[in-house]
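[1] Attaching a predicted model along with its sequence, questions to come.
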Amino acid sequence: MKKLGVLLVGILLVGLVAGCIGGKSTSTTSTTAQTSTTQPQTMTSSTSITNIPTTTTSSPSKTITQTKTQIQPKIYSREELLDNLRKIKQFTYLENVSVTLDVKIKQGNLTFNAGEVSITSKKVGYVDLINKESDINTTTTTFPGGATTFTREIIKDGEVYLYSNGVWKKLTNESFILPPEAVLNLTWGYNVVSFVEKYLQKEPFNKTIENGTQIFYYNVTTEDLTQLARFFIGFKDTNVTFNVSKGILEVKFRNGNLIGGRVAYNMEIKILTKDPQGRTVEVIETGREYEEFVVKDINVKKNVKKPVSYRA
């Protein structure tokens, strides 16, 4: 069980880095999308004037029905959406993540049910795709117990700085979680904008329009799920293995611009460890990860600064 605790700590720290993956969130955030330069299509009803006869000598009254215009939002092609997406240089995102894992402990021929572990996190992140810098704040709560932690990650000049337990640390190749190069690759390859761009180039398995919002659905490849799960787990440990499956990506566009989306996938984690008597114990955690994200402040540049002091 000590190893399980270590795993959960790894989950808390590594969940910062990218912001990629949809789920059933308990909060919604309003966003302001950029206005499309394409004129919308309109439908106009005719104006009618009706004379009403009277029995007096006064002039007949008139009822005027004013013209009503109904605006039909433009439906953008995937090529147009991709073009708009590739114009994003900086963005801020809000993200809610929920992970529930059923924990079992196997020792010899016996298997014990150790209950459920739930992790929820709320993120506010800024990503600059041009200057390769980011600033991500995460508040994470774990159950049972309800313990809450705050972490912050800054990427500046190719270096990764992590704030946890009141201390700033600069990640190195000996870092407990992940080497800095792995964190950088995840951030620039799997941030929400880059991840959506990768899939928007493909034909979705389903698409719909709801209240003027275009929604696309994709099956996430095993390769991408493996990358997401590897960074989520964050361990350089051969005693930790995992399997992922049934990944779904949902992306939303309004007025031709990305406003948010969701990702969800199944996960199974296996950890081999020893009990106090030196006997082999296998911890098996199975569950589903949900993530919902909202994109805002597109191409609004913000300052990213290194921490004043930190530990190497």
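    Looks like it came in fine. Residues are numbered from 1 along each chain as shown.
[2] Kindly confirm my reading that G115 is in a helix.
    No: G115 sits outside any helix when classified using DSSP: H, G, I helix; E, B strand; the rest coil, being strand.
[3] list the contacts for it?
    G115 makes contacts with 102-103, 144, as judged by CB atoms under 8 Å, 6 or more residues apart in numbering. (Glycine included, C-beta is placed from N, CA and C.)
[4] Filter those down to the buried ones.
    V103 (16 or more other CB atoms under 10 Å).
[5] What is the nearest of the contacts of G115 to G287?
    Within these, distances to G287 taken as CB to CB reach their minimum at D102, with 5.9 Å.
[6] So what pairs up with that closest one in the strands?
    Beta bridges link D102 to E116, T286, judged by DSSP bridges.
[7] For it, give its distance to T286.
    From D102 across to T286, the span is 5 Å (CB to CB, to the nearest Å).
[8] for Y217, same thing?
    For Y217 relative to T286 (CB to CB), the value is 24 Å.
[9] Same check on K202?
    29 Å.
[10] more crowded one of these two?
    T286 (15 against 12; other CB atoms under 10 Å).
[11] Kindly reformat the contacts of G115 as JSON lines and extend each row with pLDDT and distance to I269.
    Shown next, in JSON lines, are these (pLDDT from 0 to 100; distance: CB to CB, whole Å):
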{"residue": "D102", "pLDDT": "96", "distance to I269": "11"}
{"residue": "V103", "pLDDT": "95", "distance to I269": "9"}
{"residue": "P144", "pLDDT": "90", "distance to I269": "18"}
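[12] nearest to E210, of the contacts of G115?
    Of these, the one sitting nearest to E210 (CB to CB) turns out to be D102, at 33.1 Å.
[13] Surely the closest one touches V283?
    No: contact criterion CB atoms under 8 Å: D102 and V283 do not qualify, at 11.4 Å.
[14] give me phi/psi at G125?
    phi -130, psi 150 (degrees, to the nearest 10).
[15] That one: what's it in contact with?
    19, 92-93, 95, 134-137.
[16] go again using 7 Å as the cut-off
    G125 makes contact with 19, 92-93, 134, 136, according to CB atoms under 7 Å, 6 or more residues apart in numbering.
[17] so which of those is the most crowded?
    Neighbour-wise, these (other CB under 10 Å) top out at G19, 28 neighbours.
[18] so V251 bridges to which residues?
    Going by DSSP bridges, V251 forms beta bridges with F216, G261.
[19] could you dump the contacts of G115 to JSON lines with distance to V244?
    What follows is the contacts of G115, written out as JSON lines (distance: CB to CB, whole Å):
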{"residue": "D102", "distance to V244": "16"}
{"residue": "V103", "distance to V244": "18"}
{"residue": "P144", "distance to V244": "25"}
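[20] Done for today, thanks.
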